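> got a predicted structure here, sequence first:
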Amino acid sequence: MTATVDPLLVPASLFVAALSVIVVAQCYRGYIRNESRPLLFLGAGVALVTLPSLLLYPISVALGIPAYVDVAVVSQLFGLLSLLYAFTRA
C-alpha cells in the first residue's frame, strides 16, 4: 500500500516552515537586542507549534512510515504553553 500525497502539500509545508524560521529568527534578534524575555518565549512557542508538525508529516509520507502524531501533539502543547507564558507572565 503506497500513500498518495497531494502535490501541493509538501511545498506548502516547506513554505510555512520557512516563514516560521523567519519569525523565530526575528524573535531571537529582538530578544538579543532588547533582552526581552517575552520575545524569547514567543519565538520558542512559534517554533514548537509549527516546525515539528510541518516537518514530520512530509518526511513520514516521503519515507512511507506512519506519522508520529504523539511527537507533534506534545510539541504543539509545549509551544502553546510557551506562547501563553510569553503573553501573560514573561
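That came through fine.
> use CA for all of it now, contacts and neighbours both
Noted.
> ok, residue 52 touching residue 72?
Yes: with contact defined as Cα atoms under 8 Å, residue 52 counts as touching residue 72 (5.9 Å).
> neighbour count winner among those two?
residue 72 (20 against 17; other Cα atoms under 10 Å).
> quick one, helices of the protein?
With helices called from DSSP state H, the chain shows them at 9-34, 37-63, 69-88.
> of all these, which gets the most neighbours per residue?
Most buried of the helices of the chain by mean neighbour count (mean count of other Cα atoms under 10 Å) is helix 37-63; its value is a mean of 19.
> coming back round to it: dump the helices of the chain to CSV, plus mean pLDDT.
CSV is the format used below for those (pLDDT from 0 to 100):
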stretch, mean pLDDT
helix 9-34, 87
helix 37-63, 83
helix 69-88, 83
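> measure residue 53 to residue 75 for me?
8 Å (Cα to Cα, to the nearest Å).
> before we move on, what about residue 40?
Residue 40 is 17 Å from residue 75, by Cα to Cα.
> again with residue 64
22 Å.
> cool, and residue 18?
18 Å.
> likewise for residue 55?
Taking Cα to Cα, one finds residue 55 at 12 Å from residue 75.
> likewise for residue 43?
In terms of Cα to Cα, residue 43 sits 14 Å off from residue 75.
> equivalent analysis for residue 51, please.
Distance from residue 51 to residue 75, by Cα to Cα: 9 Å.
> which residue, neighbours along the chain excluded, lies closest to residue 25?
residue 43 (7.6 Å; Cα to Cα, 6 or more residues apart in numbering).
> so who does the nearest residue to residue 82 once chain neighbours are set aside touch?
Counting by Cα to Cα, 6+ apart, residue 45 is the residue found nearest to residue 82 once chain neighbours are left out, at 4.9 Å. Going by Cα atoms under 8 Å, 6 or more residues apart in numbering, residue 45 touches 78-83.
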